[in-house]
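J.: Sequence unavailable; structure follows:
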């Protein structure tokens with residue numbers, strides 16, 4: 001499964017396009033964020049991607065979890081969001 005690392009400076013439209021493209025190819029994607037601003041950009045990107053995916057009859061679902069990762073020799077806690085789809089009801 002692909003992992004996209006999202007920063008506070010990542011544009012939501014870029015995130016949305018990447019999410020939609022990867023979901024079409026692989027079925028799901030993980031987005032890794034550290035910090036409130038990065039998480040905010042990620043959520044905006046997921047909301048925009050939902051608009052791209054909904055016309056295909058699929059609903060976007062998001063499963064969040066915490067993960068400790070090493071950044072420049074320091075352990076930080078990231079929020080990772082697994083994004084996948086299910087058929088609309």
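T.: Right, received. Where do you want to start? Here the structure is a predicted model, which means the values were calculated and not measured.

J.: so residue 75 touches residue 69, yeah?
T.: Yes: between residue 75 and residue 69 there is a contact under Cβ atoms under 8 Å: 7.3 Å. The C-beta positions use only the backbone N, C-alpha and C, and glycine is treated the same way.

J.: Comparing these two, which shows the higher neighbour count?
T.: Legend: neighbour count by other Cβ atoms under 10 Å for residue 75 and residue 69, higher for residue 69 (13 against 8).

J.: Let's see the pLDDT reported for that one.
T.: You'll see residue 69 listed with a pLDDT of 94.

J.: Pick out the residue closest to the middle of the protein.
T.: Centroid-nearest residue in the chain, with Cα atoms, centre = their mean: residue 31, separated by 3.7 Å.

J.: right, and residue 66 touches residue 39 too?
T.: No: between residue 66 and residue 39 there is no contact under Cβ under 8 Å: 11.7 Å.

J.: Those two: which has the busier surroundings?
T.: residue 39 (18 against 8).

J.: C-terminal to the host helix or strand of residue 42, what's the next element?
T.: Assigned by DSSP states H and E, residue 42 belongs to helix 36-53. Once the chain leaves helix 36-53, the next helix or strand it forms, by DSSP H and E, is strand 58-71.

J.: can you give me the angle that following strand makes with helix 36-53?
T.: Interaxial angle, strand 58-71 versus helix 36-53 (axes from the mean of the first three to the mean of the last three Cα atoms, to 10 degrees): 150 degrees.

J.: buried ones in the following helix or strand past strand 58-71?
T.: Downstream of strand 58-71, the next assigned helix or strand under DSSP H and E is strand 74-87. Within strand 74-87, the residues that qualify as buried are 78-81, 83-85, counting by 16 or more other Cβ atoms under 10 Å.
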